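Q: sequence? don't have it. structure:
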């Protein structure tokens, strides 16, 4: 006859009167019940959503705790991979909404335009506890944002002629756009976003430094900036840009992809202004390309003003003189 090892644990109950009553509960040593729901839930929190559905039937304790820690989901197109967060599987998404009552963040940036019409139904499922939406802006979703715009906190892409929807996104903190023009109104006099924490954009000749100056003035909260230069800009452009970026007192993370065609000192002057004035900067990534010139040592002299950095990533696609 096989005996199952047992372990005794104390359970405190409150009968509504002044004194607590401790009851003994006997749990098998090979049972997760002996750890309590809190520890069990913490262990299960490391599982993916797919694995949680697979393990739900293991025990009653699993059923009680396995979905408690699910607070965010990422939606995807059906042809990307098979999973329970398929944007077109409304029945399964409704099941997830019922089993995971604490979901407060939905990431739908990976959804293609043709499937984004389904978003209205999805947001209706999770709207009771929803606090954060990560999305893209395009014509298929324009009608959503007057209602759900205040929940949008991250945007990964803005399609042509949809930037006015930004006016509904009052809590937006992270934004990726093609050019800085995308955050201004049609006449470029009205700035559509303020108090951002992170911005990523590509710099080109249409992004005048007047636009950058107006943007920086209303986004002093920026902590992370990524600028990608797809064209070779003149000396004055990068010098002025460096001056504008140096006006960001909370900047901690800066990524620059720079291409220079003339004036080696333009980079040096830009970096000097940023290094001297952005005293909170901790991470700096510089990718440098030089057109038809050899990069001399003085071009990076200003890096000596970045003594507070914790991380520096430097990529150079030019010959350096000895």
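A: Structure's in. What do you need? Given the structure is predicted, the values throughout are model-derived calculations rather than measurements.
Q: can we go C-alpha only for contacts and neighbour counts from here?
A: Fine.
Q: Strands along the stretch 101-250 of the chain, start to end?
A: Per DSSP state E, counting those that start in this stretch, the stretch 101-250 of the chain carries strands over the ranges 105-107, 132-137, 152-158, 174-176, 198-203, 224-229.
Q: Which strands and helices lie in contact with the third one?
A: What it means is strand 152-158. Applying 3 or more Cα pairs under 8 Å, 6 or more residues apart in numbering; DSSP states H and E, one finds that strand 152-158 contacts strand 132-137, strand 174-176.
Q: ok, back up a step: just tell me which of the strands of the stretch 101-250 of the chain ends up closest to residue 75.
A: strand 105-107 (6.2 Å; Cα to Cα).
Q: What's the per-residue pLDDT of the residue nearest to residue 93 when sequence neighbours are not counted here?
A: Take residue 93 and drop its neighbours on the chain: the residue closest to it by Cα to Cα, 6 or more residues apart in numbering is residue 85, 6.5 Å away. With respect to pLDDT, residue 85 scores 82.
Q: Residue 85 touches residue 95, doesn't it?
A: No - the pair residue 85 / residue 95 is not scored as a contact, 10.5 Å apart, by Cα atoms under 8 Å.
Q: neighbour-wise, which of those two wins?
A: More crowded of residue 85 and residue 95, by other Cα atoms under 10 Å: residue 85, with 20 against 12.
Q: hang on, the earlier thing: want to try JSON lines for the helices and strands packed on strand 152-158, with mean pLDDT, distance to residue 101 and mean neighbour count as columns?
A: Shown next, in JSON lines, are the helices and strands packed on strand 152-158 (pLDDT from 0 to 100; distance: least, Cα to Cα, whole Å; neighbours: other Cα atoms under 10 Å):
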{"stretch": "strand 132-137", "mean pLDDT": "96", "distance to residue 101": "15", "mean neighbour count": "22"}
{"stretch": "strand 174-176", "mean pLDDT": "97", "distance to residue 101": "26", "mean neighbour count": "20"}
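Q: Could you dump those strands into JSON lines and include distance to residue 46?
A: Compiled in JSON lines, those are given as follows (distance: least, Cα to Cα, whole Å):
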{"stretch": "strand 132-137", "distance to residue 46": "22"}
{"stretch": "strand 174-176", "distance to residue 46": "26"}
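Q: Which among the ones you listed is found nearest to residue 120?
A: strand 132-137 (12.3 Å).
Q: For that closest one, which strands pair with it and how are they oriented?
A: strand 105-107 (parallel), strand 152-158 (parallel) (DSSP bridges).
Q: Throw those into CSV and include mean neighbour count and distance to residue 208, thanks.
A: Converted to CSV, the strands paired with strand 132-137 look like this (neighbours: other Cα atoms under 10 Å; distance: least, Cα to Cα, whole Å):
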stretch, mean neighbour count, distance to residue 208
strand 105-107, 20, 32
strand 152-158, 21, 20
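Q: for the closest residue to residue 158 other than its chain neighbours, what are its contacts?
A: Computed as Cα to Cα, 6+ apart, the closest residue to residue 158 that is not its neighbour in sequence is residue 137, at 4.8 Å. By Cα atoms under 8 Å, 6 or more residues apart in numbering, the contact set of residue 137 is 155, 157, 158, 159, 162, 163, 165.
Q: Nearest to residue 302 among the strands paired with strand 132-137 would be which one?
A: For residue 302, the closest of those is strand 152-158, at 32.5 Å, according to Cα to Cα.
Q: ok, and what's touching the closest one?
A: 109, 132-138, 169-178, 182.
Q: And the closest residue in space to residue 68 that isn't next to it in sequence, its phi and psi?
A: Residue nearest to residue 68 in three dimensions, not counting chain neighbours: residue 100, with 6.5 Å by Cα to Cα, 6+ apart. Backbone geometry at residue 100, expressed as degrees, to the nearest 10, gives phi -120, psi 80.
Q: and if you look at residue 88?
A: phi -90, psi -10.
Q: give me every residue that touches it.
A: 77, 78, 115, 118.
Q: Scan the residues you listed and report the most crowded one.
A: In terms of neighbours by other Cα under 10 Å, the contacts of residue 88 top out with residue 77 at 20 neighbours.
Q: Over to residue 254. Which of the three states is it?
A: Secondary structure, DSSP: H, G, I helix; E, B strand; the rest coil: residue 254 is strand.
Q: Below-threshold pLDDT in the stretch 151-300 of the chain: ranges please.
A: For the stretch 151-300 of the chain, the stretches with pLDDT under 70 are 204-207, 230-236, 261-266, 291-299.
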